[in-house]
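A.B. asks: Mind looking at a prediction? Sequence and model below.
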Amino acid sequence: MQRAQRNSLKLLQWMMAASLALPVALFVITSAISYTSTRDTADREIERTLDVVHEHALKVFETIDRSLAELNEVVRGLPDDTIRAREPALHRRLRRLTDSLPQLKSAWIFDADGKALVNSLASPPPDLSFADRDYFYAHVDQSIGSFIGTALTPRPPYQGARFFGVSRRRDSEDGSFIGVIQASVLPEYFESFYARIGSDAGSFFTMGRTDGVLLAHFPRLDRDIRLDPTGPVGREIAAHPEHGLITVVWPSDGIERRIGYRRVAEYPIYVSAGLETSAIRARWLATMGQHLVFGIPATALLFLLLALALRRTQHLQAEAAKRREAEEALKHSQRLEALGQLTGGVAHDFNNLLTVIRASVDLLNRPQLTEERRQRYITAIADAVARAAKLTSQLLAFARRQTLKPEVFDVGERMQALHDMLAPLLGPAIEIAMRLPTEPCLVHADAGQFETALINMATNARDAMQGKGRIVFTVEAAATVPDTLAHASGSQNLESQSLGNQNLENQSLGNRGFIRVTVTDTGIGIPAARLERIFEPFFTTKQVGHGTGLGLSQVFGFARQSGGEVTVTSEVGHGSTFSLYLPRVPTDLLPQRQAPNTAPAVAGSGMSVLLVEDNIELANFAADGLTELGYSITLVDNATDALAELVMDADRFDVVFSDVVMPGMTGLDLAQAIRDRGIGVPVVLTTGYSQALSQEGVTGFELVQKPYSIEELSRVLHRAARIRRVRDGAAE
């Protein structure tokens, strides 16, 4: 029971730990899965945004490229003078072009010296040379198609936003260089577009040339940036020149980002889109926060409920422990109460025995006694000692302080033996009548508990009669059985009541029936409303201090554990009848009666005995008696010295005779040590009472109960030693 309670507490503690550990583990696993999912989602968003950015840049540059090609066709083959002559008309055309394309700041037609022939900003254009601009000198020596320059600041008198040039070469009919057609593109056009599509926190866009020069940047920067080709971005683009997806710390601001990049068709331009990793983590944390909003209260509630359950269980178990302690105390009190009731009668009987012994001793001391009178006094002393030993044994059995176990016994004989004990218990004003069968009525049960049950029922009857009346004890074969036993009468067997050497395993109880022991009193009776509760522990109708209510519960427990039942019938004013039913066993299983112990002493013939006894008077008595019978005695007063003697030379001893109760190492410890060390000397134990033996038994060793006679002791020692000698002889 206590083990089950400890296990239940451990289970609750494990459940409490699991209520925290499992959610934490699940949260960690879910967090990892959620982070991977959030990152994958972010990557897909980046790819979709990159598709939009790439498509936008491609259309812008194709439009600009197509516009420049159209202008080139307009002025193809025209000398510079003709173009200057048509400058107003061409100015208007360029103006319409820039007005229709918001990405353009201006459009220009330059001669071979870098001077503007026509532009969309001023008519006529100022006489300035732009030959130092990259969009111009890139075409002077070679035909490279469309050229995209770096970001530039307008040259006075021109003003406005920064731009980068997209230009094409003007060739004569023989292919020589005659000038440049250029469009000034606004980076802010791209940055405004990026701002519109990058509404999410942490959005990032760039557009740059293949050499690392950035043309547009979102978030906007106040300075020009050129990426290092040997840096992480440059190395990634070199490894995957068409497109890629990387996590990198951006050099312009030191912020870590997840960035996707792609080249814009045949143009030397890359566009990129990305998100700050902190923004991705913020999304993930927001998702996990939603889980925590529900998870933490649920986990806390579960943990709180388990904590309350644990506290409640601990409280209940503490109360149960207190109740068990109270029950044990009450059982002990009930036992002491029963023993106290026995004290008067026992003291009377014991004093009678002591009087016989004392008187016999006094008479033996008188001179000139005849042999007949001397022998009569000695016999009286021996009989008194035997009766005193029997009385002590009965008291120990009643108190369950000796080794008890189920045995086959005749209920009638045991009831007759209890008569002498019941008389002083019940008092002289109560008449005891016993109706016992002539044939044996055998049961297999714990005889000590049976006696206790009879005494409890008798005591209950005495109290019901207020110490005056008549009690009838009846033993008979049960003609009928209670309903609770009816189903067992045809199927029960004695396999669960194994008798060891009695060979009862397969004997059916179905055709044997039950023995019924009834206790009938002439007391006041029991009201019908209380009949169902009288076997409950601690239920009593007696006044405080006059009973614990445990007596009848012991009868109930004994009956059920023995495979039987107990019932009660009562009528107020006409007494009560308690009926104890026990399963009957065959008569041929009754143990053989032992002949009276009158065999003579056995001569020792030099047999060597190691006698271990801490009581010097008793030791000398045993040693003197055995020495007179021819035994060789070695006397020690403790088990440690005895074991040392055996270890030194075990062959010189034929048998060890040891008391059980001794300081330090007990006789039972000594016997077990001899067995464990393989010392081949048989052991005979003796005791008047031992708590260890009452709990564990003799564990296979011979036992002589105190008080013993020298004759009895010599027979047991001779029998034990003879078994050893036969074995030694067989071994030889």
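C.D. replies: In hand now; what should we look at?

A.B. asks: quick one, phi psi at residue 88?
C.D. replies: phi -60, psi -40 (degrees, to the nearest 10).

A.B. asks: Provide the secondary structure category for the closest residue to it other than its chain neighbours.
C.D. replies: Once flanking residues are discounted, residue 88 sits nearest to residue 123: 5.9 Å by C-beta to C-beta, 6 or more residues apart in numbering. C-beta: built from backbone N, CA, C; applies to glycine. Recorded secondary structure, residue 123: coil (DSSP: H, G, I helix; E, B strand; the rest coil).

A.B. asks: before we move on, what about residue 360?
C.D. replies: Classified using three-state DSSP, residue 360 is helix.

A.B. asks: how near is it to residue 436?
C.D. replies: Applying C-beta to C-beta, to the nearest Å, the value for residue 360 to residue 436 is 34 Å.

A.B. asks: ok, now residue 685?
C.D. replies: Counting by C-beta to C-beta - residue 685 and residue 436 are separated by 36 Å.

A.B. asks: just the strands in the stretch 151-300 of the chain please.
C.D. replies: 163-171, 177-185, 203-209, 214-218, 243-249, 256-263, 269-276 (DSSP state E, counting those that start in this stretch).

A.B. asks: about what we covered before: of residue 360 and residue 436, who's got more company?
C.D. replies: residue 360 (20 against 16; other C-beta atoms under 10 Å).

A.B. asks: hmm, back to that, residues contacting the residue nearest to residue 88?
C.D. replies: 87-88, 91 (C-beta atoms under 8 Å, 6 or more residues apart in numbering).

A.B. asks: which of those residues count as buried?
C.D. replies: 87, 91 (16 or more other C-beta atoms under 10 Å).

A.B. asks: any chance of the contacts of residue 123 in TSV, with pLDDT and distance to residue 412 too?
C.D. replies: What follows is the contacts of residue 123, written out as TSV (pLDDT from 0 to 100; distance: C-beta to C-beta, whole Å):
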residue	pLDDT	distance to residue 412
87	93	148
88	94	149
91	95	144
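
A.B. asks: and which of the contacts of residue 123 is nearest residue 26?
C.D. replies: residue 91 (72.5 Å; C-beta to C-beta).

A.B. asks: Okay, the closest one and residue 83: tell me how far apart.
C.D. replies: 11 Å.

A.B. asks: Give me the common contacts of the two.
C.D. replies: With C-beta under 8 Å, 6+ apart as the test, residue 91 and residue 83 both reach residue 118.

A.B. asks: Poorly predicted segments of the stretch 201-350 of the chain, please.
C.D. replies: For the stretch 201-350 of the chain, the stretches flagged by pLDDT under 70 are 331-349.

A.B. asks: And for the chain?
C.D. replies: 1-2, 331-349, 390-405, 486-512, 536-551, 589-601, 604, 689-699, 722-732.

A.B. asks: Confirm residue 82 sits in a helix?
C.D. replies: Yes. Under three-state DSSP, residue 82 falls within a helix.

A.B. asks: mind checking how far it is from residue 109?
C.D. replies: For residue 82, the distance to residue 109 - C-beta to C-beta - is 12 Å.

A.B. asks: what does residue 269 give?
C.D. replies: 24 Å.

A.B. asks: Break down the stretch 501-650 of the chain into its strands, ranges please.
C.D. replies: So, for the stretch 501-650 of the chain - with DSSP E, counting those that start in this stretch - the strands run 514-521, 565-570, 576-583, 608-612, 632-636.

A.B. asks: So which of these is nearest residue 211?
C.D. replies: The nearest among the strands of the stretch 501-650 of the chain, by C-beta to C-beta, is strand 565-570 at 105.9 Å.

A.B. asks: got the contact list for the closest one?
C.D. replies: Counting by C-beta under 8 Å, 6+ apart, 481-482, 484-485, 525-526, 531, 534-535, 555-556, 559, 576-581 sit against strand 565-570.

A.B. asks: try 7 Å
C.D. replies: 482, 484-485, 525-526, 531, 534, 555-556, 559, 576-581 (C-beta atoms under 7 Å, 6 or more residues apart in numbering).

A.B. asks: Of those residues, grab the buried ones for ChimeraX.
C.D. replies: To isolate the buried members of the contacts of strand 565-570 in ChimeraX, using 16+ other C-beta under 10 Å:
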select :485,525,526,534,555,556,559,576,577,578,579,580,581
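
A.B. asks: Now the two most distant members of the contacts of strand 565-570.
C.D. replies: It's 485 and 525 that sit farthest apart of those, by C-beta to C-beta, at 25.1 Å.

A.B. asks: Compile the strands of the stretch 151-300 of the chain into TSV and extend it with columns for distance to residue 615.
C.D. replies: Output for these, formatted as TSV (distance: least, C-beta to C-beta, whole Å):
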stretch	distance to residue 615
strand 163-171	120
strand 177-185	122
strand 203-209	101
strand 214-218	107
strand 243-249	92
strand 256-263	92
strand 269-276	95
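
A.B. asks: got the ones you listed as CSV, with mean neighbour count and distance to residue 632 columns?
C.D. replies: Formatted as CSV, these follow (neighbours: other C-beta atoms under 10 Å; distance: least, C-beta to C-beta, whole Å):
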stretch, mean neighbour count, distance to residue 632
strand 163-171, 22, 127
strand 177-185, 24, 129
strand 203-209, 22, 109
strand 214-218, 22, 116
strand 243-249, 15, 99
strand 256-263, 21, 100
strand 269-276, 24, 104
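
A.B. asks: and of these, who's closest to residue 113?
C.D. replies: strand 177-185 (8.5 Å).

A.B. asks: Is the nearest residue to residue 225 once chain neighbours are set aside bridged to anything, and to what?
C.D. replies: Closest residue to residue 225 apart from its sequence neighbours, by C-beta to C-beta, 6+ apart: residue 214 at 4.7 Å. Counting by DSSP bridges, residue 214 is bridged to residue 208.

A.B. asks: Residue 214 against residue 208, yeah?
C.D. replies: Yes. Counting by C-beta atoms under 7 Å, residue 214 touches residue 208, with 4.1 Å between them.

A.B. asks: Burial check on the residue nearest to residue 39 when sequence neighbours are not counted, number of neighbours?
C.D. replies: Closest residue in space to residue 39, ignoring its immediate chain neighbours: residue 280 at 6.1 Å, by C-beta to C-beta, 6+ apart. A count of nearby residues for residue 280, using other C-beta under 10 Å, gives 23.

A.B. asks: which residues sit in contact with residue 280?
C.D. replies: Residue 280 touches 38-39, 42, 258, counting by C-beta under 7 Å, 6+ apart.

A.B. asks: If we only consider these, which is nearest to residue 564?
C.D. replies: Closest to residue 564, out of all of the contacts of residue 280 and judged by C-beta to C-beta, is residue 38, at 73.4 Å.
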